[in-house]
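Q: make a model of this:
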Amino acid sequence: MRSKLVTVREVLSRVVAALAATVVVSLLLPVAPASAHGQLATSTPLKGTVVREPLTQLALYFTEKPASNAHFAISGPDGSRVDNGWSYGEPKRLDKPVTEYFMVNGVFEPRLYHTGFPAMVTVAHWPAKGRYTASYLSVASDGEAVRGEVTFDYQGPGTPAPAGWSVPTAGPDPALLAQAEGEGSTNPGATGSSVAPTGAAASEPADAAKEQRDGGFPAWLVPALIVVVVSAIVLVAARRRPSVRGASTADSRSADGAGRGGAATRKSANPTRKTGNRSGGPQRRGRR
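A: Reported below is the predicted structural model:
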């Protein structure tokens, strides 16, 4: 009986351990790839590198042509801006293709982008050595925001500001901010500039983004809920088994006690019979 109980406990413990491992793995698995497009592919200079010559422009290459009202800014070591506008550059073939995902029939399918579409950001001057940050904000053809920054160290000579130049203070266009925050139209035609680098229709990634936003639950939530429910059932069953075992043990003990009590009663009855036989012996002898 004890060996059976031990076996049941071992099985339950293994089941609980397996379920716990499943929960951990499901939580650690990456969420389905995002369908946003137009991401930054590369830059000149590269992020985290050291620049030793005073460049006149920084090049930020995206997998799609940036929106016409995209916002770019370059900040120096003291936080002040040193940018002086931006313009489109000549596309170039990327040394390393970029993978982006499209939702097709409910499944994310990868697509490789081999062409980079640059935004050439003009640097007015290099006031000092130190850390510089180039930030960007645009809207891709699927209506999703494209934002980020590229940081690098400048260790070249300082250069003066051009005559008549003033530190820019203008922020992103309000329409661009509205689109980036999902409050504006997701139609790429609203900006009049966003085109797909592979010639695909812009409505396809937009529909992919909409499907992802309206998809409801994350991909990992359903299996996680199933695992939690099964774990709860197993734990409840494991808690109920000891009480049943205890009851069966108590019943067996009471049965043993009853058996012993009956034996004791029989033993107590036997001496009475023996005593009667012994007392009857002399009487029979006396009569003779």
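Q: helix or strand with the lowest mean pLDDT in the chain?
A: Within the chain, confidence by mean pLDDT, DSSP states H and E is lowest for helix 203-213 among all helices and strands, at a mean of 37.
Q: so where's the stretch 1-150 of the chain uncertain?
A: 1-9, 11-13, 15-36 (pLDDT under 70).
Q: for it, which segments count as helices?
A: Listed in chain order, the helices of the stretch 1-150 of the chain (DSSP state H, counting those that start in this stretch) span 2-28.
Q: would you quantify the distance from the residue lying closest to residue 132 once chain neighbours are set aside to residue 101?
A: Nearest residue to residue 132, sequence neighbours excluded (CB to CB, 6 or more residues apart in numbering): residue 154, at 5.3 Å. No exception for glycine: its C-beta is placed from N, CA and C like everyone else's. Separation of residue 154 from residue 101 (CB to CB, to the nearest Å): 36 Å.
Q: what about those two, which has more around it?
A: residue 154 (24 against 19; other CB atoms under 10 Å).
Q: hmm, residue 51 and the more buried one touching each other?
A: Yes: counting by CB atoms under 8 Å, residue 154 does reach residue 51; the two are 4.9 Å apart.
Q: okay, and the common contacts of these two?
A: Counting by CB atoms under 8 Å, 6 or more residues apart in numbering, the common neighbours of residue 154 and residue 51 are residue 132.
Q: and the residue lying closest to residue 120 once chain neighbours are set aside, its phi and psi?
A: Spatial nearest neighbour of residue 120, chain neighbours left out: residue 89 (4.4 Å); criterion: CB to CB, 6+ apart. Backbone torsions for residue 89, taken as degrees, to the nearest 10, come to phi -110, psi -180.
Q: list the contacts of residue 89.
A: Taking CB under 8 Å, 6+ apart, one finds 59, 118-120 in contact with residue 89.
Q: try residue 52
A: Taking CB under 8 Å, 6+ apart, one finds 155-156 in contact with residue 52.
Q: now the one 10 residues further on
A: Residues in contact with residue 62 (CB under 8 Å, 6+ apart) are 38-41, 116-119, 138, 146.
Q: name whatever forms a beta bridge with the closest residue to residue 95 other than its chain neighbours.
A: Leaving aside its chain neighbours, residue 95 sits nearest to residue 42 (7.4 Å; criterion: CB to CB, 6+ apart). Judged by DSSP bridges, the bridge partners of residue 42 are residue 61.
Q: double-check residue 42 against residue 93; I have them as touching.
A: No: the criterion here is CB under 8 Å, and residue 42 misses it with residue 93 at 11.1 Å.
Q: tell me, how many residues neighbour residue 130?
A: Look at residue 130: counted by other CB under 10 Å, it has 12 neighbours.
Q: no no, residue 142
A: For residue 142, using other CB under 10 Å, the count is 29.
Q: okay, it and residue 115: tell me how far apart.
A: On the measure of CB to CB, residue 142 and residue 115 end up 18 Å apart.
Q: then residue 10?
A: On the measure of CB to CB, residue 10 and residue 115 end up 59 Å apart.
Q: more neighbours: these two, which one.
A: Using other CB under 10 Å as the criterion, residue 10 and residue 115 rank with residue 115 on top: 18 against 10.
Q: can you pull the contacts of that one?
A: Residue 115 makes contact with 63, 91-94, 197, according to CB under 8 Å, 6+ apart.
Q: most neighbours out of those residues, which is it?
A: That'd be residue 63 among the contacts of residue 115, by other CB under 10 Å, with 27 neighbours.
Q: look up the closest residue to it, ignoring the ones flanking it.
A: residue 113 (4.2 Å).
Q: and the gap between that neighbour and residue 125?
A: For residue 113, the distance to residue 125 - CB to CB - is 34 Å.
Q: who's more crowded, those two?
A: residue 113 (21 against 15).
Q: any figure for the gap between the more buried one and residue 96?
A: 10 Å.
Q: now do the strands in the stretch 101-250 of the chain.
A: Per DSSP state E, counting those that start in this stretch, the stretch 101-250 of the chain carries strands over the ranges 107-123, 130-139, 145-154.
Q: and these: which comes nearest residue 176?
A: Residue 176 sits nearest to strand 130-139 of all those, at 6.5 Å, using CB to CB.
Q: no more questions from me, cheers.
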